[in-house]
Every structure is written in C-alpha cells, then in structure tokens.
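Asks: please find the sequence and the predicted model below.
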Amino acid sequence: MITTIDQLPTIAGKHGGKKVQATPEAAAIFEGLETVANKGNHWAVLAVKEIKSLTSGKINSNHTYASITHHNGEDEFFLVLPGCMIQAFRRSDDSYFINKIDSSLDFHKQQKKYTNPGLFFVETNKKKDNWKIKHQKKGTVKGKGKEIPVGISDRYKSIQNAATIVNTHIQASPYQDKRTEGYNLFYTPGKKSIGGLLHLKESFAPDKAKSLSESAQLLAESMIAAKKKEQSVVWVSQKGGSGILTQAMSIVKKKGIKLGADQKIFLSHPTTRHIKAYELSQELDMGTDRDFSSHNTINLNEFIGGLNIGGELNLINERQKQEKEYGWRKATWDTGKTALTGNGMAGTVKTLAAAAAIGSAFAPVGAIIAAFGVAKLAAGAVATGGVLASNVGPASHYPSLSSYAKTKMGVG
C-alpha cells in the first residue's frame with residue numbers, strides 16, 4: 001500500500017527534467033501504452049511521447065491540453081490525445097502527478113474497423129467493385145516519387161464512400177494522380193460534415209476547434225514523418241478535410257518544425273477558412289504552385305464556411321505578400337480568371353442572393369448576411385434575375401468527371 005508521494009511510481013523524468021509520477025493504476029496503463037507503441041502503433045507512440053514531454057515542464061498546447069484550472073498552488077489539466085484522456089496535476093515544485101489515464105488500449109483495432117481516424121492506403125478492388133483498404137498503423141505515407149497525393153476526407157460514415165469521393169477530388173485537382181496502385185487516404189469517421197454554414201466555430205477557427213483535435217494530431221505526426229523520410233507529398237483536402245489539415249499544420253508549427261518545399265497543400269472545395277491554411281503553409285516553408293484551392297461560390301457551405309467572400313481576391317492579395325514569384329502579372333491573371341469563373345464579386349452577389357431567397361426559411365443564413373451588411377445587395381440581385389446564372393455553373397469546371405462524381409462533389 002502506497003502511503004507517501006515518494007512511493008508513487010515514476011513513469012518519466014527519472015534521469016533528468018521534471019519528474020512525472022502516477023497512481024499505480026495509471027502507471028499500469030502507461031506500461032500498456034508503451035507496449036502498444038513498441039509494436040509501431042502510431043496513436044500509442046504519440047500518446048507516450050506527449051506524456052514523456054511533461055518532463056520539459058510545458059503545458060501550453062491548445063491542441064493537447066484542455067480545462068486547465070489553478071488551485072492551492074497546483075494546476076489541474078487534461079491531456080486529450082488520440083485513444084486516451086489523461087487527468088494530471090502540476091505540483092507547486094513543478095513535478096507532475098498523473099491521477100488517471102482513460103484508455104482501452106485498442107484504438108488501433110478500432111482504426112482497422114474504420115471507427116477511429118487514421119491513415120489508410122486504398123486501392124481499387126475490381127472483382128468486388130469497391131476499395132481494398134489497409135490501415136497504415138505507423139502513420140507513414142506509402143509511395144515514392146514526386147508529389148505523392150494524400151487525400152484528407154471530410155467526415156463520412158463509410159470509408160468506402162469517402163475513398164470514392166476523395167479520389168474524385170484528387171483527380172479534379174492539379175495533382176491528378178497517374179498511379180494505378182491506389183492512393184493514401186486520411187479518413188475521419190462521423191455523421192456531421194466539418195465546417196460550412198452549420199458549424200461556424202470549425203469554419204472560422206479550424207486551427208483551434210477541439211472537435212478536430214484527434215484527427216489533426218494524427219495527421220500532424222504523418223506530416224512530420226514524411227519530412228523525416230524526405231518524401232515529396234501533396235496533402236489534398238476534400239471539403240471539411242481542410243479543417244483537419246489546417247489544425248495539423250498549426251500543431252506542426254507549435255512543435256517548431258518546418259516541413260519544407262517538398263510538401264504542398266491543395267484545398268478542394270474547402271468549408272473552413274482557406275486563408276488560414278495558406279498562411280500556415282507559408283510559415284512552415286511549404287511549397288506553393290499556381291493553384292492553391294478550388295471553390296464553388298454558389299455552395300453556401302464553401303462560400304460562408306471557407307470564407308470565400310469576394311472569391312479568391314483575399315487569397316490573391318495574401319499571395320502577393322508572401323510569394324516573391326507571385327508578381328503583378330500572375331495576380332492580374334488570377335484576378336481576371338476569378339471574375340470569369342464567377343468566384344469574384346459576381347459570384348458573391350449570386351451566392352448572397354440565393355441565401356437571401358432562403359433566408360426566411362433558414363434563420364442563420366439571414367443573420368450571417370445581415371452581419372455582412374449586404375442584404376440589400378443580395379435582394380437586388382434576386383430582383384434583377386441574377387440568381388445562379390447557368391453560364392458560370394461549377395459543373396463546367398470538371399468536364400472529365402462522371403455525373404456521379406459531380407453529384408458527390410456537389411458540383412453537378
């Protein structure tokens with residue numbers, strides 16, 4: 001029976017740094033985590049690493065720590081990690097005490113059942129007309145060569161459905177994959193889509209949304225692993241996957257790691273703030289090509305959620321500030337292209353007009369339009385017949401896609 005602090009098991013910091021002690025029950029679960037981590041399971045490696053990092057004395061990550069409270073000279077906090085939650089205390093002498101680790105130690109088994117987020121390699125199964133799916137338990141990107149695409153899905157109930165939809169977005173992007181053996185998919189299970197009009201906290205601040213933390217932590221580790229392996233990777237997000245990608249980049253930034261030009265991102269129809277994703281990619285010294293994102297401005301989830309207010313003009317302005325090669329000629333060309341494809345002010349007017357038309361039936365839309373102070377502009381567009389002009393319909397952007405793919409992407 002343990003009666004003094006000195007008798008508590010020490011699980012980290014025995015030979016330097018801040019001491020981390022735990023209850024016998026928590027220490028036993030920590031040993032279990034180490035066993036699972038030693039078998040190469042990505043989520044457990046991350047959990048063990050974060051617990052041991054307490055020896056540095058820092059508890060300032062927005063992505064990992066929650067509910068920090070101060071009382072009697074101690075800090076009580078929770079570590080929220082993929083596969084486990086940890087209740088801990090920082091004592092007045094700066095040592096740490098872990099009171100409880102809540103983990104079933106089978107997170108990787110649930111990943112194989114597609115009920116937890118993770119990185120998978122998917123390839124077509126011609127005999128069964130579906131996808132063969134393999135979990136990448138170490139969280140590393142499979143493949144060699146230049147610009148290996150990794151699709152990052154929105155939330156879906158079915159990984160088979162996600163694999164099909166994300167593949168259409170990759171094929172419609174500038175990084176259309178010519179490989180035939182399959183592709184890497186970062187999948188997040190769930191019923192509710194990320195960001196968009198209905199989940200504005202995720203839309204406007206995806207880098208801080210706790211609902212994305214589990215997926216983002218795992219994706220961040222995959223990005224860091226790709227850096228260590230010197231892989232050339234393009235992270236292609238599909239709709240709400242942009243939020244997971246944005247938070248993952250924010251986590252990498254907090255770790256003080258630069259991913260470098262061998263890694264790039266492309267946002268396909270993002271429903272979270274695309275400017276934030278661009279800014280983070282530049283802070284990580286990631287590579288940039290001519291096209292950074294694609295949008296459908298008459299889709300309210302993309303227009304409001306992705307903050308595509310005024311189309312790509314905000315992004316064009318930001319790129320001029322950040323990229324030496326992005327001079328006035330490219331900016332002028334992109335501005336003209338934006339106007340012609342309906343992503344500029346014309347697209348804005350049409351989208352707001354559509355929102356005004358349904359605003360009475362959907363109160364949040366009307367409130368958002370009012371906040372922008374453009375309700376009259378939208379109403380005027382309705383009165384002049386400017387709603388959803390067919391000549392700038394987004395389906396024309398994807399002539400090579402099947403009607404099924406267009407429908408799934410929301411561009412049909």
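Replies: Nice, thanks for sending it over. Being a predicted model, the structure only gives us computed values, none of them experimental.
Asks: and Ala28, how far is that from Ile101?
Replies: Counting by Cβ to Cβ, to the nearest Å, the gap between Ala28 and Ile101 amounts to 9 Å. Every residue, glycine included, has its C-beta placed from N, CA and C.
Asks: neighbour count winner among these two?
Replies: Of the pair Ala28 and Ile101, Ile101 is the one with more neighbours under other Cβ atoms under 10 Å, namely 26 against 12.
Asks: what's the helix or strand where that one lies packed up against?
Replies: Ile101 belongs to strand 96-102 when assigned by DSSP states H and E. Counting contacts by 3 or more Cβ pairs under 8 Å, 6 or more residues apart in numbering; DSSP states H and E, strand 96-102 is packed against strand 20-22, helix 24-38, strand 84-90.
Asks: return the helix or strand in the chain with minimum mean pLDDT.
Replies: helix 375-383 (a mean of 35; mean pLDDT, DSSP states H and E).
Asks: can you tell me the helix or strand for the residue nearest the centre of the chain?
Replies: The chain has Ile244 as the residue nearest its centroid, 1.1 Å off, counting by Cα atoms, centre = their mean. Element membership of Ile244, judged by DSSP H and E, is helix 241-254.
Asks: pLDDT of the strand holding Ile101, averaged?
Replies: For strand 96-102, the mean pLDDT works out to 94.
Asks: just the buried residues of the helix or strand just after that strand, please?
Replies: Using DSSP H and E, the helix or strand that follows strand 96-102 in sequence is helix 107-112. By neighbour count with 16 or more other Cβ atoms under 10 Å, helix 107-112 contains the buried residues 107-108, 110-111.
Asks: ok, the residue nearest to the centre of the chain touching Ala220?
Replies: No - counting by Cβ atoms under 8 Å, Ile244 sits too far from Ala220 to count as a contact (9.6 Å).
Asks: picking up where we left off before, now do the buried residues in the helix or strand following the helix holding Ile244.
Replies: Next helix or strand after helix 241-254 toward the C-terminus (DSSP H and E): strand 263-268. Of the residues in strand 263-268, 263-268 count as buried by neighbour count, 16+ other Cβ under 10 Å.
Asks: any chance of CSV for these, columns distance to Asp289 and pLDDT?
Replies: Shown next, in CSV, are the buried residues of strand 263-268 (distance: Cβ to Cβ, whole Å; pLDDT from 0 to 100):
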residue, distance to Asp289, pLDDT
Gln263, 12, 97
Lys264, 6, 97
Ile265, 10, 96
Phe266, 8, 96
Leu267, 12, 95
Ser268, 14, 95
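Asks: Phe186: which of those is nearest?
Replies: Closest approach to Phe186 among the buried residues of strand 263-268 (Cβ to Cβ): Ile265, at 12.5 Å.
Asks: for the closest one, which non-adjacent residue is closest in space?
Replies: Spatial nearest neighbour of Ile265, excluding adjacent residues (Cβ to Cβ, 6 or more residues apart in numbering): Trp235 at 4.8 Å.
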